[in-house]
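Asker: Can you look at this prediction? I've put the sequence above it.
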Amino acid sequence: MEDRRKILEMLKEGKIDIDQAVKLLETINQGREKELKPRKKKLLRIQVLTDEGEKVNVRVPLSAAKLFSKFAPKEAGGVNIQEVFEHLEDFEEMEGDIVNVDAEDAKVRIWFE
């Protein structure tokens, strides 16, 4: 609230014009919207099932997923797991599976929970 008041005082005193005041007020509103918007705590889930019976069933907090990527297999069932980790931010708003592959030798599923 104090920031808005300062902007209006600067406008009143002629230190900024109306367009500058509008831009500053919009910037403040955008910042507040981000603060008020609750961030969902998400988990990254990875499941890999192979014909040999090997299973991977991992739940990783999204905030730690990049760190976990160093220990994850590079590839499973024809899916480049490392590449998925590199682009997690692009998938964050996505609902449902990020990857769901039913290959001949393995089943791979990656999604947010």
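Answerer: Structure received.

Asker: avg pLDDT for stretch 30-41?
Answerer: Within the predicted structure, the mean pLDDT of stretch 30-41 is 61.

Asker: can you list the domains in the protein?
Answerer: Following the assignment in automatic domain parsing, the chain carries domains at 2-36, 43-112.

Asker: Throw these into JSON lines and include mean neighbour count, thanks.
Answerer: C-beta: built from backbone N, CA, C; applies to glycine. Putting these into JSON lines (neighbours: other Cβ atoms under 10 Å) gives the following:
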{"stretch": "domain 2-36", "mean neighbour count": "12"}
{"stretch": "domain 43-112", "mean neighbour count": "14"}
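
Asker: Check the ones you listed for me: which has the lowest mean pLDDT.
Answerer: Going by mean pLDDT, the lowest-scoring of these is domain 43-112, which has a mean of 79.

Asker: That one spans what distance, first to last residue?
Answerer: Start to finish, the residues bounding domain 43-112 are 6 Å apart (Cα to Cα, to the nearest Å).

Asker: chain center to it: distance?
Answerer: When distances are taken as Cα atoms, centre = their mean, to the nearest Å, domain 43-112 is centred 15 Å away from the chain's centroid.

Asker: How about stretch 6-25?
Answerer: Using Cα atoms, centre = their mean, the distance from the centre of stretch 6-25 to the centre of the chain it belongs to is 35 Å.

Asker: Quick one: residues in contact with it.
Answerer: Residues outside stretch 6-25 that contact it (Cβ atoms under 8 Å, 6 or more residues apart in numbering): 4, 28.

Asker: Roughly how far does the residue sitting furthest away from the middle of the chain sit from residue 93?
Answerer: Taking Cα atoms, centre = their mean as the measure, the residue most remote from the mean C-alpha position of the chain is residue 13, 42.5 Å away. As judged by Cβ to Cβ, to the nearest Å, residue 13 and residue 93 stand 42 Å apart.

Asker: same thing with residue 22?
Answerer: The gap separating residue 22 from residue 93 is 29 Å, by Cβ to Cβ.
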